[in-house]
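Enquirer: Turn this into a structure:
(2 chains)
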Amino acid sequence: MSGPQPGMPGGFPGAPGAFAGPPQKKLDPDSIPSITQVIEDDKARLGGQVFSTNIRGQVPPLVTTDFTVHDQGNSSPRFIRCTTYSLPCTAELAKQCQVPLASIIKPFAKLPNNETPLYVVNHGETGPIRCNRCKAYMCPYMQFIDGGRRYQCSFCNCINEVPVFYFQHLDHMGRRVDFYERPELSLGSYEFDATLDYCKNNKPPNPPAYIFMIDVSYSNIKSGLVKLICDELKTLLEKLPREDGAEASAIKVGFVTYNKVLHFYNVKSALAQPQMMVVSDTAEMFVPLLDGFLVNYQDSRAVIYNLLDQIPDMFADTSESETVFAPVIQAGVEAFKAAECSGKLFIFHSSMPTAEAPGKLKNRDDKKLVSTDKEKTLFQPQKGVYEQLSKDCVAQGCCVDLFLFPSQYLDLATMADVPSHTGGSIHKYNNFQVETDGEHFLRDLRKDLQKSLGFDAVMRVRTSTGFRATDFFGAVYMNNTTDVEMAAVDCDKAVTVEFKHDDTLSEETGALIQCALLYTTIGGQRRLRIHNLSLNCTSQLSELYKCCETDSLINFFAKSAYRAILNQPVKNVSDILVNQTAHMLACYRKNCASPSAASQLILPDSMKVFPVYMNSLMKTAPLVGSTELSTDDRAHQRLSVMGMGVEDTQLQLYPRLIPLHDVDVSSEAVPAPVRCSEERLTDSGLFLLENGQSIFLWLGQASPPDLIQSLFNAPSLAHLQQGHMFTLPELDNPLSKKVRSIIGELLEKRPNSMKLQIVRQRDKPEMLFRQFLVEDKGLLGGTSYMDFLCYVHREIRQLLT
Amino acid sequence: MRLSSQISKDKKRQPPQCVLSHPDCTRVSPPPPPRCVLRETVKLAGRWREQRHARRFSDCCQNAKWKALSPPPRTTRSAPSFYRSHWSSVMSTYQEFIQQNEDRDGVRFSWNLWPSSRLEATRLVVPVSCLFTPLKERPSLPPVQYEPVLCSRANCKAVLNPLCQVDFKAKIWACNFCFQRNPFPPSYAGISEVNQPAELMPQFSTIEYIVQRGPSAPLIFLYVVDTCLEEEDLQALKESLQMSLSLLPPNALVGLITFGRMVQVHELTCEGIAKSYVFRGTKDLSAKQIQEMLGLTKPAAPGQQGRPVAPQEAAASCRFLQPVHRVDMNLTDLLGELQRDPWPVSQGKRPLRSTGVALSVAVGLLEGAFPNTGARVMLFIGGPPTQGPGMVVGDELKIPIRSWHDIQKDNARHLKKATKYYEALANRSAVNGHSIDIYACALDQTGLLEMKCLSNLTGGHVVMGDSFNTSLFKQTFQRVFSKDYNGDFRMAFGGVMEVKTSREVKVCGAIGPCVSLHSKGSSVSENEMGIGGTNQWKLCSLDHSTTLGVYFEVVNQHNAPVPQGGRGAIQFVTMYQHSNTQKRIRVTTIARNWADAQSQIQHIESSFDQEAAAVLMARLGVFRAESEEGPDVLRWLDRQLIRLCQKFGQFNKEDPTSFRLSESLSLYPQFMFHLRRSPFLQVFNNSPDESSYYRHHFVRQDLTQSLIMIQPILYSYSFHGPPEPVLLDSSSILPDRILLMDTFFQLVIYHGETIAQWRKAGYQEMPEYENFKQLLLAPLDDAQEILQTRFPMPRYIDTEHGGSQARFLLSKVNPSQTHNNLYAWGQETGAPILTDDVSLQVFMDHLKKLAVSSSS
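Expert: Modelled structure (predicted):
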C-alpha cells in the first residue's frame, strides 16, 4: 500500500488512549512469543553459516537470516521452501493435524554473489534425459542399476535404459563415476539446454522484446509523468538485462503511446526521424508495422532519443482525457505475434478506460457491498474481454507490467487481471505528483526493467508416488490442472503449490519434488530449469510439527485466503483461518505436548509466532471489512500478495520496526528491530518502519533536537514542514548518513520501491503508520495480538474438550 | 516529285552490290538500299506532312466508292490553322460545315439535317445524335466576366444565345426553346443592334462565362500509392510522384495514402515525427467510421450548427490534405522514405494488397473533408487487390486471376462482389464530385475490370503499363499535369452538363465518362440510350478532349408539319470548376434545319456525317457490350448496318453487283468492319483488364482519336515516293517499305523484309547510304510527334518482318491475303495473314447480298 489513502478517516483522535484497546488481563506483553525474538535467535544460531542441502528433510534457516547455501543435491531454500519438511505418511494424519502441505517455489530467485549460479547441462540433440513414463528429468534421485546400463526413476519407479552416449560405470557405492562432473547428478538445481522440441512451432525463439506503452492522456501529460518516463527511459534502456557474459542486451524495444487511439512508432535505425502510426481501429487491434517497431536499442539509439524527446511535446496540448486499455494490451500481443517473440509490456496508465473500445469499464465501486455476501464481487474481475486477453497473452508469452497513476477508482480488480495472470507486476501511485512520487516510481521502474527473468514459461511440478500437486497460487495461468503457464517469471515471483496425498508415503524413501520450468532466456535461448527437493515422511505428528516452517505456512494461508475471498464472504474466510489455526495448535497440544494445565497455552516451537502472523493477515486490507479502505487498494494488495515469495509475505505481515534514536553510527549493523506495537515506541524516539511496500520514519514528540538537527537541519520538530514529507535532506553528519544508508539499503534489497513517509507523532499521517503496528488492535478492525492469542486459546480449549 | 524520281533513277542505276559467287549470299542478302547520289537534304517526313494536310479532303472526295480503300483521312491531332481562314467564307460542302462546327462548338452530329418526324427519324437507323466535347480547346474564345442571362420560365432556364430573337427597342428577348419572352436584366440597358453583348453574336454560339459566386475551392490531389512493388518500380514511382509535386499549382491541396497489407493515411502538417493513421486492410469501414478514426468529425461549435463548413476552415482542420507550397519539402521527404510493404510474402503467394480499403479511406476522407470540391484521387497499383473488400484474386499464386474464359463460365469468384464494391465507391465519389484515376503498372492483370467504374463514372484516367519504370508511365503521368496555352492545367472538375432541346427533340441519353444526375425535365425522352432518363450529367473530371456521345429522339408526329422556324435547337450548358479554381459556365447552342424525309431524303443523306455516325454507333455498341454477350452486340451492329445500306444504297433488288453507296456513306461499312474486329467488341486475345482499358478510352476520346481506335492509320515510307497513307490491308505490307501504324494504344513501326535486312547489314551507318538512314529516321520522327502529344502515351513498338511484335500489325490489317487465298507466286502483293477471319472484301460481298435481298 503506497501513497496516501484516499479513504482515510479525517479526524485524528486526540488522546493517545484512544489507540489502546480495552484494558487487558494482566499479561506481560513480553511474555508472549515475539517474532523479533525468534528472528534474532535464528540469526544468532545460523546467521552467516553455510547451509548444505545434502540431508533430506532438513529445515532451512528462516528467510530473515543471512546464510550461504551449498547445493549438495537438493534445491536451495531460496528456490523452494516448504510448509513442513516432514510430510505425514498418510492422508489421515494430514487431515488430523490440518497442517497444509505446500511448497513455495521461486524458480528465478536471486542468488547472492557468493553462491554459484546454475550450471547449464546440454544432453545433445535428443534433449534432456527423461524418464520414459513420468517424464521426470535426470536428477540426483535417479537410481542407476545394472552396472549403469539402466536407471530407476525415483518418481514413478519405472526402469529406463541409459542412452549409449550417457552410459557411465558405477563405483562400489553404486554411484556413477562421473557423479561429481554432472550437475544433474549431484545438484538440486541446474538447467538444461532445450532442443527444438521444446520450442514453439519447433523454431528457436527470437530474443524477447520490451514494449513501453505510455498513456498520453491529459492527466498523465499534466502531471509531468510522460516527460518523466521519457527522460528516464533514455538512460534506463542502456541497462536492459542481458545474458551473463553477453556484450549487449538482446532484448528489443518498442514504443507505443495511446489515449483513445494508439500511436505506434517506427524507430528503425535507418530513419532520420521516428515515424508515428496511428491506429484508431480499437475494436480490432492490429500492429501497423513490422519492420522498425521492435528494434535493438543500441542500433536505434539516436532515433529513440529523438522520439523520447518529442513525445512530451507532441502531446503537450492534448485535451484528450479518455483512454482505452484492452486494445493496448492486445496491440502488444499482436506485436509479439508478428515478431514471433515473447516479451513484456510496460504500461503506464492513468484512468479507467472509458473510451468506446473493447474492455471499456464502468465504475462499479460500491462501498455498500463491504462486509456483505456480495463483497467478493469487488475483487472479481469483470469477465469477457480481459479473460480472453489473459489467455492470448500467455499463449504468446506476453507479460504485462502495469504502472497505474489513478486519481480515483479505476477498477483495478479488472485492469490488473491480465498482469496477474501473466507474471506481471502491478504498481500503483495514487494522485501521482512528480515531486513527491517521481523518484519512488522511477525506482520501481528501474528495478522492474532490470530484473532478470524468463519468458514464455511453463512449469510442471512432479512428485514421487503417494502425493501430488493439486493447487497452484501465483501470478500464473492454468490451462489444465498440471501445467503452470507464465508469460514471464521474474526473480521475485513465487508460485505456491499445494500437495495432497493420493497414497501412503514411506518413511524410508521419503518424498521427492521436481519442479521443471521451461522458459526462454533474455538472450532468446530455450532452457529448462530444474529444482529438486527431497523431503522426509513421518508417521509421528511431533516430527511433523518439528519440521514446520511458519513463514512458508503463512505464505500459503495468505494466498489461499486471498483466493478464497473471490468466492466466499470475507467473514467466512476469516473464520476458516481462525479455525484452522486453532485446529493445528489443538492437534499439537493433544498429540505432541506433554500434559499440562488446560489453561496453559502450548505452542509448537516451530509455530510459536504463527498466531501473530495469522492475526496480522486477518487485519490486512483485503480481509478487513472496512469501508474506509479504497476498493482498488484492497484489490491491489490482494493481487500483489498472490505472486509473493515467503520473504515478502513475512515482511508484509510483520513489518520491521527499527529504532534509530540510539543507532550506533560507527557500526555497519542495522539496529535490531523491535516488536510492532505502540508500546515499543517512545516519545523521544525515532523509528523506521518498513514492510516491503511502504517505509515510514516516525518522529517521537519529544525527539531530541540534536537528532532533528542532524537529520533535517531544523532546530526542532515544530520547524518541520507540516503534513507529508517524503525525503531526508542529504546532510554531512554521521547520523544523517547512517539513516540514509539504512533506508537506501532497504530500498535496494526489496523487490519494490517504497515511498518514504516521514510522520511525526500525533500528526494526521501517523494513522497510516499505525496501521502497520500489527501487534496492536487494528485501526479499521481486527484484534490485537494479545486478544487474538486469548481467543485462539479459548478455541483450542474448546476443541480439546 | 523530284525527290522520288531521283531516287528511283538511282535505284535503277545501282545494281545489287552483292552478286558474288556464293550461292547463299545471293539468296540471303538483300540488295543494298539505293544510294543517295544527290545530297538533297529535304527531310522526307517534313515534306510529307505538308502534303498530308493538303490532301485531306481530296482523299475523302476521291473515295466515292467503298472499294477505294483509304485509311481514315483524319491525320491531324489538333485543328490545323490551315482551316481558320475559311471560317468567314461561304461553306461550299457539308464537310466544311461539319469541320467548322467541330472547331467552333466541339459538336459533330450524325445527321446535319434532321428528319422532321419521329417515324422518319427511326427509319434512318442511325439516331440523331452527336459527339460533344464540352471543353473543346478554343484559344480564340476569351471567357466573359459576367453571368449568363437565363430564360425566366422555371422549367426552361435556357441561356440567352445568338438564336434568340431580340427586340432591341423593347429590350426583350424570346427564348428559342420555350418561346418565353424575357426582359433583359438592367445591366443590358445599353444594348442595341450595333452594341450587342457577346452572347448574341453568331460567332459566339459557344461562349464561356466566369461565375464569381461562391468561394473558390483549391484543387485537391490525393495520391493513393501501392507499396507492394518491386524495389525498382517503387523507386521509379516515388520519383514520378516527387516530380509531380513541382507540377501542381502551389495552392493545390495534396494528400498521401499508401497501402499494402495495411492502409496508411499520412499526416502532412507535422513537424518532426512523420505521422500516419493506419487502417487494417481487411475491414470494410463506413465513411463515418473512417472519418471518426481519422479524427475528422469535430463536434460542431455552438452557433455554427447547420452551416456547412467553408472549404478554408475544412482545409485548416484537415491535416491530411495540405497546400503543396506548404508541405512540398515534407512530402518529398516522406515519399523519399517510402519503403516497400515490409510484411513478408511467402513463396507461392501474392503480396497482400488492400486496394479496396485504401480507396474506401480515400473516398471517405474526401467525402468528409471536401464534399463537392474538385478533387482527384490518383491510385497507383502494381497488382491486383488481394485482400479485404474489393479483392479480385486471393493471395495464392496457384490460383490465377480471372480470364474471359472464367468469366464466361461464371467461374470468377470475386468478380461480382468486387465490382459491386467498387461501383458503390465510384458512385459515392461521383456524388461528391471527386474523380479517381487508376495508374496500373504490372505485367499481369491488376483488376481493372472490377475497378473500371471508378474511373468511368468519375471521369478519371486509366493508364495501363508494364512497369512504373517505363517511359510510357512516366511521360503519361507527366502529361496529366500538362498545361494549355494559358498556362492552366488541362483538367477541369465537378462538371455538370445540362442539355436543353427544342420541343421537337428529346434527349435519350449520353455515353461517356459521366453519371446521371437524375434530373427529369420536359426534354427527357423515355427511350433510353446509354445513360439516360436525365438531361443532366455529372462529369467529375474532364479535359479538353473529353467527349460525350449524346443521343436524341425526334418526337414530332409524322403528320405534323415541319416545325415552325424550320430549325431545331439544342443547348449544352456545362458548369465546371476550372483548374485555376474559377467556376465557369460554357454554353453551346446549335441549331439544325428540319427536313422532310420524304421529299428531301437526298439532302438528309448528304448531311450524314459518317465519321461521327460510326463513332456514335460504336459507342452504343461498346455500351451494350459491357452488359451483353459479345455475339449479340455484333449481331445488332450488323443489323443496323444492313438496314442503313438498305435505306440509302442504290441497287436493283436481288442484284448485289448493282449495289452502290453514295459518297457520304461510302466509308461507313468499312468502319463497321474494323469495329467488329476491334478489341472494343472482341475479347479474344485480350485479358478482361485490357478490354476494360480499351473501352474506357474509347468512350471518352474525341472523334479523331476514336476513329483511329476503330480503324488504325497506316503510313508507308519507301524510296518509291514520299511517305503516304496506305490501306490498312495486308497488301500494304511490302518488303521494301517501312510501315507506321497508329492504333491509338500502340505505335508500330514495321520494317519490311528487305528494309530489315538492309538495316541489319548496317547500311545506314555508311555515308554513301545517308538516304537510307533518312528513310529509317522518317517514321521515327513521325512516331515521336504522336508520342509527344497523345494521352495516354501509346506503347511504342519497333519491329520488322518476321518479328514477334509484328503481330500487332498483322492482327489489325484487313486480311485480304491469307494462307487460304494466297495470290500466285512471285507477285509482290503483300504478306499473307494466317487467319480465318473474313476480309473486308468478303464482308462487303455479304453485306451487299443481304442489303439487296428482299427477304431481310
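Enquirer: What strand or helix carries residue A:253?
Expert: strand A:252-258 (DSSP states H and E).
Enquirer: CA atoms of that strand as PDB?
Expert: The C-alpha trace of strand A:252-258 is given here as PDB (Å, rounded to 0.1, in the frame of the first residue of the first chain):
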ATOM      1  CA  LYS A 252      14.400  -5.400 -28.500                       C
ATOM      2  CA  VAL A 253      12.400  -2.400 -27.600                       C
ATOM      3  CA  GLY A 254       9.300  -0.800 -29.000                       C
ATOM      4  CA  PHE A 255       7.200   2.300 -28.100                       C
ATOM      5  CA  VAL A 256       3.500   3.000 -28.100                       C
ATOM      6  CA  THR A 257       1.700   5.900 -26.800                       C
ATOM      7  CA  TYR A 258      -2.100   6.000 -26.500                       C
END
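Enquirer: Beyond it, next helix or strand please.
Expert: That would be, after strand A:252-258 and using DSSP H and E, strand A:262-266.
Enquirer: quick one, strands of the stretch 701-850 of chain B?
Expert: B:713-718, B:721-725, B:738-742, B:746-751, B:795-800 (DSSP state E, counting those that start in this stretch).
Enquirer: Format those as JSON lines; extra columns: mean neighbour count, distance to residue B:835 and mean pLDDT.
Expert: Yep, even glycine has a C-beta here, placed from its N, CA and C like the rest. Below are those laid out as JSON lines (neighbours: other C-beta atoms under 10 Å in any protein chain shown; distance: least, C-beta to C-beta, whole Å; pLDDT from 0 to 100):
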{"stretch": "strand B:713-718", "mean neighbour count": "24", "distance to residue B:835": "17", "mean pLDDT": "92"}
{"stretch": "strand B:721-725", "mean neighbour count": "19", "distance to residue B:835": "23", "mean pLDDT": "88"}
{"stretch": "strand B:738-742", "mean neighbour count": "23", "distance to residue B:835": "17", "mean pLDDT": "94"}
{"stretch": "strand B:746-751", "mean neighbour count": "24", "distance to residue B:835": "17", "mean pLDDT": "94"}
{"stretch": "strand B:795-800", "mean neighbour count": "17", "distance to residue B:835": "18", "mean pLDDT": "93"}
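Enquirer: nearest to chain A, of those strands?
Expert: strand B:795-800 (36.3 Å; C-beta to the nearest C-beta).
Enquirer: Tell me what angle the closest one forms with strand B:738-742.
Expert: Strand B:795-800 runs at 160 degrees relative to strand B:738-742, counting by axes from the mean of the first three to the mean of the last three C-alpha atoms, to 10 degrees.
Enquirer: I'd like to know which elements strand B:795-800 is packed against.
Expert: Packed against strand B:795-800 by the contact rule (3 or more C-beta pairs under 8 Å, 6 or more residues apart in numbering or on different chains; DSSP states H and E) you find strand B:746-751, helix B:753-761, helix B:807-810.
Enquirer: Repeat the analysis, applying 7 Å as the threshold.
Expert: On a contact count with 3 or more C-beta pairs under 7 Å, 6 or more residues apart in numbering or on different chains; DSSP states H and E, strand B:795-800 meets strand B:746-751.
Enquirer: so the strand it packs on versus helix B:753-761, what angle?
Expert: 80 degrees.
Enquirer: Distance from strand B:746-751 to the middle of the chain?
Expert: 21 Å (C-alpha atoms, centre = their mean, to the nearest Å).
Enquirer: now swap in stretch A:143-163 and tell me
Expert: The answer for stretch A:143-163 is 38 Å, by C-alpha atoms, centre = their mean.
Enquirer: Do me a favour and get the end-to-end distance for that stretch?
Expert: 15 Å (C-alpha to C-alpha, to the nearest Å).
Enquirer: what's that stretch in contact with?
Expert: A:126, A:129, A:131-134, A:136, A:141-142, A:167-170, A:174, A:176, A:462-465, A:512, A:514 (C-beta atoms under 7 Å, 6 or more residues apart in numbering or on different chains).
Enquirer: Quick check: which element contains whichever residue of the stretch 551-700 of chain B sits closest to chain A?
Expert: Nearest residue of the stretch 551-700 of chain B to chain A: residue B:689, at 30.3 Å (C-beta to the nearest C-beta). According to DSSP H and E, residue B:689 maps onto helix B:688-698.
Enquirer: what does that helix contact?
Expert: Contacts for helix B:688-698 (C-beta under 7 Å, 6+ apart): B:402-404, B:407, B:445-446, B:448-449, B:452, B:455-456, B:462, B:464, B:622, B:679-680, B:683, B:706, B:709, B:745.
Enquirer: Now do the domain split for chain A, please.
Expert: A:122-185, A:209-451, A:655-770 (automatic domain parsing).
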